[in-house]
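> Any chance you can model this:
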Amino acid sequence: MKNNTFKEIIMPIIVLTCICFVVTAALAYINLITAPVIKAADEKAAAEARAELLSEADSFTQLDTKGLPGEVTEAYKADNGTGYVFMLTTKGYGGDIRLICGIKSNGSIEKTKTLSHSETSGIGSRVVDNDSKYKDQYVGKTADNVDEVDAVSGATISSKAYKKAIDATFEAYDTVKGAE
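The predicted model follows:
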């Protein structure tokens, strides 16, 4: 009976534990190898997005985000003085909306781009999709006329969340511009 218990209960536990250790070690090794490649690809994509949002910029310097609104996760200044790019995260209806916004040195928005979102397809996504007419309304807006942007009917929470991020962008712009 004792030998039978070992084969039926203890041996499968030992085998499964060994399999778990081997699989965990393999995943850790693969992560070790791929993490630098993924990080480099993310940095390249972020640099391309910054260049897309502030077309006249030649290169960027990352700024400290202390003292900036909570929605601002990263801030960059164009080295040639053409403006700033802000990475933002705001809470939409379906979850976090991550976006990036480029502001020219005159205080007007050159472009905004959604990096990721969890908004409802067909409703909230009409606000955040990169081909949406809603976000295109922000192009050329300044802090003085940003309230002229019309919300998307049926997607009020998403529209307000996007607007909140844009307002945070203008607040951050005023802060970094004033620090110069």
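
> Got the phi and psi for Glu74?
phi -150, psi 150 (degrees, to the nearest 10).

> Apologies, that question was intended for Val152.
Torsion angles, degrees, to the nearest 10, at Val152: phi -90, psi 120.

> can you check Gln62 too?
phi -70, psi 140.

> How about the contacts made by it?
Gln62 is in contact with 74-76, counting by C-beta atoms under 8 Å, 6 or more residues apart in numbering. From N, CA and C alone the C-beta is placed, and that goes for glycine too.

> Compute the distance between it and Tyr138, please.
According to C-beta to C-beta, to the nearest Å, Gln62 and Tyr138 sit 23 Å apart.

> what does Arg50 give?
17 Å.

> Please say which of the two ends up with more neighbours.
With neighbours defined as other C-beta atoms under 10 Å, Arg50 and Tyr138 compare such that Arg50 has more, 23 against 20.

> so the more buried one sits in a helix?
Yes - counting by DSSP: H, G, I helix; E, B strand; the rest coil, Arg50 is part of a helix.

> Over to the residue nearest to the spatial centre of the chain. Which of the three states is it?
Nearest residue to the geometric centre of the chain (C-alpha atoms, centre = their mean): Arg98, 3.4 Å. The assignment at Arg98 comes out as strand when based on three-state DSSP.

> Which residue, neighbours along the chain excluded, lies closest to it?
Leu115 (4.2 Å; C-beta to C-beta, 6 or more residues apart in numbering).

> So the one you found sits against Glu52, correct?
No - in this structure, Leu115 is not within contact of Glu52 by C-beta atoms under 8 Å, at 11.6 Å.

> related to what we said a few turns ago, in ChimeraX, select just the buried ones from the contacts of Gln62.
Command for ChimeraX that selects the buried part of the contacts of Gln62, burial taken from 16 or more other C-beta atoms under 10 Å:
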select :74,75,76
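
> could you check the distance from Ala35 over to Pro69?
In terms of C-beta to C-beta, Ala35 sits 31 Å off from Pro69.

> which residues of this structure score low on pLDDT?
1-3, 123-126, 129-131, 179-180 (pLDDT under 70).

> where along this protein do the helices fall?
Here the chain has its helices, by DSSP state H, at 2-5, 11-53, 125-128, 133-136, 156-178.

> For Lys91, find the nearest of those helices.
Distance to Lys91, taken as C-beta to C-beta, is lowest for helix 156-178 among the helices of the chain, at 6.1 Å.
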